[in-house]
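Participant: Sequence plus predicted model, see below.
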Amino acid sequence: MHDLLTAPGTPAAPSEPAAAHTQAPTRFQTDTLSIPAIGVSGLQVVPYQGSPDDASGTRIQNQGVAASPHGPGGGVGPGSMGNYIVTGHRVSAGGALRALPSLPTGASVFVTSGGVTYEYTITDTRTTSFRSQASMNAQRAAVPGSPGTAPTRAMITVTTCLTPEDNAAGNFWRDAQNNPEHRIDKIGVLTSTKP
């Protein structure tokens with residue numbers, strides 16, 4: 001699509017093992033996300049400089065696509081060592097990630113970027129509270145859930161709101177972007193790379 005942000009580093013060659021990816025792509029670009037187990041196919045992922053679900057990211061999600069924060073408060077690019085973060089709406093703007101809470105461990109998540117497809121395998125589920133800075137730091141950490149730990153592999157966090165669950169529990173708190181308190185994070189590790 002189009003380049004949005006310049007970042008240091010170069011991608012590893014597609015033939016290298018998944019663990020060999022150590023740097024973000026030279027240019028961040030609009031990518032696509034597919035999660036067959038929950039019926040997501042070819043969802044645009046628009047990168048931006050910022051943190052998950054901030055005002056800029058929410059504006060992107062409001063267009064019915066996913067957003068990927070980069071930089072000091074965000075993550076890395078697809079296939080890069082560290083945490084590639086993808087955020088999307090569940091109950092508004094078409095609900096791109098409406099079925100994310102049901103995504104099981106072992107499911108595949110595919111991200112296509114610059115002609116390369118990265119396959120991640122879901123290994124964990126965590127909940128983030130937007131009312132806890134420590135919880136948000138854990139979501140954004142280079143190793144999801146472990147702030148301060150140096151990454152040794154490429155990982156992904158796909159995240160969406162827990163609005164129906166919060167509402168059902170009587171928790172109607174919202175932040176400045178109208179996000180509910182809780183997010184569900186599906187964590188995965190890079191298992192294959194294909195040109």
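Facilitator: Thanks, I have the structure now.
Participant: C-alpha from now on. contacts and neighbour counts both.
Facilitator: Will do.
Participant: Show me the shaky parts of this structure.
Facilitator: Low-confidence regions of the chain, defined here as pLDDT under 70, cover residues 1-27.
Participant: mind listing the strands in it by residue range?
Facilitator: Applying DSSP state E to the chain gives strands spanning 3-6, 27-29, 31-35, 40-49, 66-70, 82-87, 108-113, 116-129, 154-161, 182-194.
Participant: neighbouring contacts of the last one?
Facilitator: This means strand 182-194. Surrounding strand 182-194, the residues in contact under the criterion CA atoms under 8 Å, 6 or more residues apart in numbering are 14-19, 79, 100-101, 103, 109, 116-130, 139, 144, 153-163, 166.
Participant: Next, the angle from that strand to strand 82-87.
Facilitator: Using axes from the mean of the first three to the mean of the last three CA atoms, to 10 degrees, the direction of strand 182-194 lies 120 degrees away from that of strand 82-87.
Participant: What strands flank strand 182-194, and is each parallel or antiparallel?
Facilitator: Counting by DSSP bridges, the strands paired with strand 182-194 are strand 116-129 (antiparallel), strand 154-161 (antiparallel).
Participant: list the buried ones in the last one?
Facilitator: By that I understand strand 154-161. For strand 154-161, a neighbour-count test (16 or more other CA atoms under 10 Å) marks 154, 155, 156, 157, 158, 159, 160, 161 as buried.
Participant: coming back round to it: and residue 96, which of the strands paired with strand 182-194 is closest to it?
Facilitator: Go through the strands paired with strand 182-194 one by one with CA to CA and the one that ends up closest to residue 96 is strand 154-161, at 9.3 Å.
Participant: relative orientation of the closest one and strand 108-113 in degrees?
Facilitator: 100 degrees.
Participant: In contact with residue 138, which residues?
Facilitator: The neighbours of residue 138, taking CA under 8 Å, 6+ apart as the test, are 128, 144, 145, 146, 147.
Participant: Count residues in the vicinity of the last one, would you?
Facilitator: Around residue 147 there are 16 other residues, counting by other CA atoms under 10 Å.
Participant: List the residues that contact it.
Facilitator: Contacts were defined as CA under 8 Å, 6+ apart; by that measure residue 147 touches 137, 138, 140, 141.
Participant: What of the fourth one?
Facilitator: Neighbouring residues of residue 146 by CA under 8 Å, 6+ apart: residue 138.
Participant: Which one of the contacts of residue 147 is nearest to residue 175?
Facilitator: Here the nearest of these to residue 175, counting by CA to CA, is residue 137; it sits at 16.3 Å.
Participant: Quick check: closest non-adjacent residue to that closest one.
Facilitator: Of all residues beyond its chain neighbours, the one nearest residue 137 is residue 147 (6.5 Å), with distances taken as CA to CA, 6 or more residues apart in numbering.
Participant: Can you pull the phi/psi pair for that neighbour?
Facilitator: Per-residue torsions, residue 147: phi -60, psi 140 (degrees, to the nearest 10).
Participant: Repeat that for the one 4 residues further on.
Facilitator: Taking degrees, to the nearest 10, you get phi -70, psi 150 for the backbone angles of residue 151.
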